[in-house]
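*Asks:* the amino acid sequence is not available; the structure is as follows:
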């Protein structure tokens, strides 16, 4: 028997030469390869323990100037796991139990030395297994520390990237908000909002930091305005990017705004051209309408968008859609050759048009009940006597009460435009 390819170093505490020879004979008989240092005193034991660096200690229980129990205490303080086998001529059960409690690995009676080699073998095996376990634990600990280090580094990197992304999103949000009108045109152009022949109210909310809904109100002349509203497929940054593109296209085509069908046709061609090589389908519903405040004429063109609602003040605030679903053209960005048509209507003094996106009605409450477009129409009708800036806020608020939340799953947009009065031509 060897230990890791080398002879076993044994420190023997024994004052009897004869007993020492018997122990050596028993080790040799069992083919134990060893080197041994024998000591008899405490000083010799301490020196050998430090200098010889034994793999195991065999100790007599009683010596003239020293004893095995004291040797055990010295060993355990210096080497808690070092195998320590007590060898004695006579050792009572109580003394043996006390020694084991004090840290002895085993004990062997001198008249039963055949137990020595098995006891030594077990003790050395236990040490090897413990060392292997400690090595494995150490490797696991080192691995965990390395993993924690990498996780911390990765977390730091992700935090820094998230901070950059959040900063970019905040900027994108600010830019998107800048694209929305904050001051609506007044008619005539030099009038104050209180004097204007037209009143406008709007609400916009995105389900994410940025969204895919947008609207705009453009002055065409001193008696005409164009109202544009759209809803890009999807949510978040991608939808917001397309929204910004549509607003830029609409701004470039402001000369077409007097003809809603032409405006939507040109926007559709531009959007299809931009994404013609993209593998992803990108589209947006949109609606454009012009209002002539001199005649009250309304011209509307619809690209797959929910039909605006017209509230007739002179008819006890009766409500009807501007156009029918069958009269809508396809959404923008699907067919480059799509043709859009204009529909005509007329406003009287105090009539109101309500435009909206589908995020305002495709919502559910806690009981999974859907708030329908018909319910939205009833809700608008309920508050139709309110001015547009209050009407849109009240409608959105009551939809929130229906859902029980201010967090909508989709972006929403609502615009109310009221003809306060018709105005005479500047001519």
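*Replies:* Sure, I can see it. Everything quoted here is computed from the prediction, not taken from an experiment.

*Asks:* low-confidence stretches in this protein?
*Replies:* 1-5, 91, 425-427 (pLDDT under 70).

*Asks:* longest helix in it, please.
*Replies:* helix 116-179 (DSSP state H).

*Asks:* packing partners of that helix?
*Replies:* Counting contacts by 3 or more C-beta pairs under 8 Å, 6 or more residues apart in numbering; DSSP states H and E, helix 116-179 is packed against helix 17-29, strand 56-60, strand 84-88, strand 106-109, strand 213-219, helix 236-252. No exception for glycine: its C-beta is placed from N, CA and C like everyone else's.

*Asks:* make CSV out of these and add mean neighbour count and distance to residue 344.
*Replies:* Formatted as CSV, the helices and strands packed on helix 116-179 follow (neighbours: other C-beta atoms under 10 Å; distance: least, C-beta to C-beta, whole Å):
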stretch, mean neighbour count, distance to residue 344
helix 17-29, 14, 115
strand 56-60, 24, 107
strand 84-88, 23, 107
strand 106-109, 19, 107
strand 213-219, 22, 19
helix 236-252, 19, 22
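
*Asks:* closest to residue 321 out of the ones you listed?
*Replies:* Smallest distance to residue 321 across those (C-beta to C-beta): 18.2 Å, for strand 213-219.

*Asks:* just the terminal-to-terminal distance for stretch 57-76.
*Replies:* Start-to-end span of stretch 57-76 (C-alpha to C-alpha, to the nearest Å) is 11 Å.

*Asks:* list the buried residues of that stretch.
*Replies:* Using 16 or more other C-beta atoms under 10 Å as the test for burial, stretch 57-76 gives 57-61, 63, 66, 68-69, 71-72, 74-75.

*Asks:* ok, residue 176 to residue 204 distance?
*Replies:* Here residue 176 is placed at a distance of 9 Å from residue 204 (C-beta to C-beta, to the nearest Å).

*Asks:* find the residues that touch each one of these two.
*Replies:* 211, 214 (C-beta atoms under 8 Å, 6 or more residues apart in numbering).

*Asks:* buried sites along stretch 190-206?
*Replies:* 196-206.

*Asks:* the helices and strands packed on helix 116-179 into JSON lines, with extra columns for distance to residue 378?
*Replies:* Formatted as JSON lines, the helices and strands packed on helix 116-179 follow (distance: least, C-beta to C-beta, whole Å):
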{"stretch": "helix 17-29", "distance to residue 378": "102"}
{"stretch": "strand 56-60", "distance to residue 378": "93"}
{"stretch": "strand 84-88", "distance to residue 378": "92"}
{"stretch": "strand 106-109", "distance to residue 378": "91"}
{"stretch": "strand 213-219", "distance to residue 378": "22"}
{"stretch": "helix 236-252", "distance to residue 378": "29"}
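
*Asks:* I'd like to know which of these is closest to residue 347.
*Replies:* strand 213-219 (15.4 Å).

*Asks:* and the helix or strand that the longest helix of the chain is followed by, which strands flank it?
*Replies:* Moving toward the C-terminus from helix 116-179, the next helix or strand (DSSP states H and E) is strand 198-205. With DSSP bridges as the test, strand 198-205 is paired with strand 412-419 (antiparallel).

*Asks:* residue 281 is nearest to which of the helices and strands packed on helix 116-179?
*Replies:* Of these, nearest to residue 281 by C-beta to C-beta is helix 236-252, at 11.4 Å.

*Asks:* contacts for that closest one next, please.
*Replies:* Contacts of helix 236-252 (C-beta under 8 Å, 6+ apart): 169, 172, 175-176, 179, 206, 208-214, 216, 228, 230, 232-233, 257, 263, 266-267, 270-271, 274, 282, 284, 286, 332, 411.

*Asks:* coming back round to it: what's the closest of the helices and strands packed on helix 116-179 to residue 164?
*Replies:* From these, taking C-beta to C-beta, the stretch that ends up closest is helix 236-252, at 13.6 Å.

*Asks:* gap between the helix or strand following the closest one and the chain center?
*Replies:* Tracing the chain past helix 236-252, the next element assigned as helix or strand by DSSP H and E is helix 260-274. Mean-position distance between helix 260-274 and its chain equals 37 Å (C-alpha atoms, centre = their mean, to the nearest Å).

*Asks:* and helix 260-274, what's buried?
*Replies:* 260-272.

*Asks:* which strands or helices does that helix pack on?
*Replies:* Under the contact rule (3+ C-beta pairs under 8 Å, 6+ apart), helix 260-274 is packed against strand 224-232, helix 236-252, strand 284-292, strand 297-303.

*Asks:* wait, which of those is closest to residue 128?
*Replies:* helix 236-252 (59.7 Å).

*Asks:* just give me the residue right at the centre of this protein.
*Replies:* residue 162 (10.2 Å; C-alpha atoms, centre = their mean).

*Asks:* for residue 131, find the nearest of the helices and strands packed on helix 116-179.
*Replies:* Closest among those, using C-beta to C-beta: strand 56-60, at 13.9 Å.

*Asks:* tell me where the stretch 301-427 of the chain has helices.
*Replies:* Applying DSSP state H, counting those that start in this stretch to the stretch 301-427 of the chain gives helices spanning 373-382, 388-403.

*Asks:* per-domain residue ranges of the protein.
*Replies:* Domains of the chain are assigned by automatic domain parsing as 8-133, 180-419.

*Asks:* turn those domains into a markdown table, columns for distance to residue 157.
*Replies:* Converted to a markdown table, these look like this (distance: least, C-beta to C-beta, whole Å):
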| stretch | distance to residue 157 |
| --- | --- |
| domain 8-133 | 35 |
| domain 180-419 | 21 |
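
*Asks:* pick the most deeply packed of these.
*Replies:* domain 180-419 (a mean of 18; mean count of other C-beta atoms under 10 Å).

*Asks:* how long is that domain end to end?
*Replies:* Note: domain 180-419 ends 21 Å apart using C-alpha to C-alpha.

*Asks:* nothing else from me, thank you.
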